[in-house]
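Asker: Structure for this input, please:
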Amino acid sequence: MEKSATYSLWLEPTGDTAYKLQERIKQLSRKFGTPLFSPHVTLLGGLTASKTELKALTDTLASSVTPFELKLTKAGYLNTFYQSLFIHVEQNEGLTHLHDNACRLFDCPEEYENEYMPHLSLLYGDLTQHQKEKILNNIGRDFYIRFNARKVVLMHTDGEPQQWKKVHTAMFKQG
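Answerer: Numbers count the residues shown, from 1 in each chain. The predicted model follows:
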C-alpha cells in the first residue's frame, strides 16, 4: 500500500521580518551544514487527509479568524532534529483561537492539543547542547520580533526540508 502524503499548516512572517529571519536561518544552515528551510510557525503537523480535503479545511480555518500579531520572545532548544534551535512564540488569544479551531477542524489527537509549543525554528539538526549554547551566546537569547499572521499555508512536508512544497495559501478574513 502506498504511504499517504504528510502535510503541515504554517504561519509565515512576511516582508522585512521574513527576509531577516531567512537570512539568519541561511547563515546558521551554511555554518553547520544543516537543512535550509523557510521561516514559519507550525500550527499543525502530521496531516494525512487528501490534498483536496486539506485545502478545503484550510480555507474554512482561515475564514474563521482575522489577522493577529505574533511575538517572538526567547530562544530555546531541544534534542530533536526539527526543534534543534528555535525562538518561542508568545501564546495570545489569536493564536490560541486559531490552534483550537485547527484542532477541531483537522481532528487533532488530544495530546497534540495539550502539547502545542508555538515556535519559529532557526536551525534543524543534531547539534550538541554545547554547540547550541555557543550559538545562543553569539546571536543572543532574547528576541523582540513581531509580525502579523495574515494567512495560513498548507505545506507538503514529506522528505527532507528542501523537498517541502507550498500547496495552498488561505488568507484570514479582514476585520
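
Asker: Strands of this protein, residue ranges please.
Answerer: 7-11, 41-47, 68-76, 85-89, 119-123, 142-149, 151-156, 165-171 (DSSP state E).

Asker: give me the low-pLDDT residue ranges for this structure?
Answerer: Judged by pLDDT under 70, the chain has its weakly predicted residues at 1-3, 111-113, 175.

Asker: Which helix in it has the most residues?
Answerer: helix 15-32 (DSSP state H).

Asker: now it: how far from the chain's centre is it?
Answerer: Distance, stretch centre to chain centre, for helix 15-32: 15 Å (Cα atoms, centre = their mean, to the nearest Å).

Asker: same check, this time on stretch 40-57
Answerer: Using Cα atoms, centre = their mean, the offset of stretch 40-57 from its chain centre is 13 Å.

Asker: Show me what that stretch is in contact with.
Answerer: 4-13, 70, 89, 98-99, 102-103, 105-106, 108, 112, 118-121, 149, 152-157, 167-168 (Cβ atoms under 8 Å, 6 or more residues apart in numbering). For every residue, glycine as well, the C-beta is placed using N, CA and C.

Asker: Just the buried residues of that stretch, please?
Answerer: Of the residues in stretch 40-57, H40, V41, T42, L43, L44, L47, L54, K55, L57 count as buried by neighbour count, 16 or more other Cβ atoms under 10 Å.
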